[in-house]
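[1] Provided below are the primary sequence and the corresponding predicted coordinates.
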Amino acid sequence: MTTPAPTPFGTRLRAAMDARGPLCVGIDPHASLLADWGLGDDVAGLERFTRTVVDALAGRVAVLKPQSAFFERFGSRGIAVLERAVADARAAGALVLMDAKRGDIGSTMAAYASAYLDPAGPLFSDAVTVSPYLGFGSLRPALDAARAAGAGVFALALTSNPEGAEVQHAVRPDGTTVAATVLAALKAENAAEAAEGRLGSYGAVVGATLGGTAHRLGADLAIDGPLLAPGIGAQGATPADLPAVFGAAVRNVLPSVSRGVLRHGPDAASLVAAASRMADEVHAVAE
Ligand SMILES: O=C(O)c1cc(=O)[nH]c(=O)n1[C@@H]1O[C@H](COP(=O)(O)O)[C@@H](O)[C@H]1O
């Protein structure tokens, strides 16, 4: 008997956003946040922080996005906390987007793909962020691994940090910007799912802080896939900014908020209320 193909990530994400609201909450255990929560900047504090967020939100929000760097800083014991968080969050019904921003040459990219997109792996996630700046084609092992596993990939395209412009706004010899090239390549990866009327599994990262930049760059945000939108809250953007940045593509936007929600911890009810308010504000503008 053949094993049925896994449900594609884009389809699972659309269902989660419809059922739980369009919000991704980042798990970013900054040392300053650990201190604000009365926790030590150590593995015990990391574990308590992470478990508090997962227990409070994994049964309620569509996506949780652990930022790998804040776990890697504690070495293997930090990664052990991350592994547990991914497993517990997925068991509670949240999709997990591993924020690792990995990018390397194709053969090495295959190892990164195995780390996050192999269902047998201890860090297997529903999606992972990747960097296309070794050439979009270098991402092929991750794109293929995601397709095989029913997982997704979010490629950086127009990031929320001001420094991103020097690379992303650069113009290639054919006159297109780097950002527009990444977005067009993602649209091509989503073509098969789009042809079936499904949300694609290959997303772009586009900061909510951009204002009208994308259009000026000839960047088409209608990639038939999800658009991860960080920058709301601590970086100054608000849900009200989303229509101006994303236009008609706003329906496929998955806003990502870390500090703007996490600062309401460690009280679980306060975390839930903050996430709920944020999801409601996004839903109001994304209609
Ligand atoms: O890939 C990301 O999530 C990301 C892309 C981007 O353009 N800007 C950006 O801030 N992020 C991530 O979003 C998180 C910051 O969220 P805030 O605390 O809400 O500002 C960090 O984990 C960043 O790495």
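    Done, it's in. Numbers count the residues shown, from 1 in each chain.

[2] Could you count how many residues lie near the residue in the stretch 1-150 of the chain positioned nearest to the ligand?
    As assessed by CB to the nearest ligand atom, the ligand sits closest to Q67 within the stretch 1-150 of the chain, at 3.8 Å. No exception for glycine: its C-beta is placed from N, CA and C like everyone else's. Using other CB atoms under 10 Å, Q67 has 19 other residues around it.

[3] pretty sure it contacts V25?
    No. The criterion here is CB atoms under 8 Å, and Q67 misses it with V25 at 11.3 Å.

[4] Which residues are in contact with each of those two?
    S258 (CB atoms under 8 Å, 6 or more residues apart in numbering).

[5] what's the closest non-adjacent residue to L95?
    Nearest residue to L95, sequence neighbours excluded (CB to CB, 6 or more residues apart in numbering): D126, at 4.2 Å.

[6] Can you tell me how far that neighbour is from L143?
    15 Å (CB to CB, to the nearest Å).

[7] Identify the residues contacting R51.
    Applying CB under 8 Å, 6+ apart, the residues contacting R51 are 84-85, 88.

[8] Check these for burial and list the buried ones.
    Neighbour counting with 16 or more other CB atoms under 10 Å marks 85, 88 as buried within these.

[9] Serialize the contacts of R51 to a markdown table and add fields for secondary structure and pLDDT.
    Output for the contacts of R51, formatted as a markdown table (DSSP: H, G, I helix; E, B strand; the rest coil; pLDDT from 0 to 100):
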| residue | secondary structure | pLDDT |
| --- | --- | --- |
| R84 | helix | 98 |
| A85 | helix | 98 |
| D88 | helix | 98 |
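
[10] Pipe the contacts of R51 into JSON lines and attach distance to A219 per row.
    Converted to JSON lines, those look like this (distance: CB to CB, whole Å):
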{"residue": "R84", "distance to A219": "38"}
{"residue": "A85", "distance to A219": "33"}
{"residue": "D88", "distance to A219": "37"}
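
[11] Let me know the secondary structure of the nearest residue to P22 once chain neighbours are set aside.
    Excluding the flanking residues, the one nearest P22 by CB to CB, 6+ apart is V282, at 5.1 Å. Using DSSP: H, G, I helix; E, B strand; the rest coil, the secondary structure recorded for V282 is helix.

[12] and the helix or strand of the chain with the lowest mean pLDDT, how far out from the chain's middle?
    Ranking every helix and strand in the chain by mean pLDDT, DSSP states H and E puts helix 213-216 at the bottom, with a mean of 82. Here helix 213-216 shows a centroid-to-chain-centroid distance of 21 Å under the convention CA atoms, centre = their mean, to the nearest Å.

[13] Just the buried residues of that helix, please?
    By neighbour count on 16+ other CB under 10 Å, the buried set for helix 213-216 is 213-214.

[14] Please see if that helix touches the ligand.
    No. Helix 213-216 is not in contact with the ligand by CB under 6 Å from any ligand atom; minimum separation 12.5 Å.
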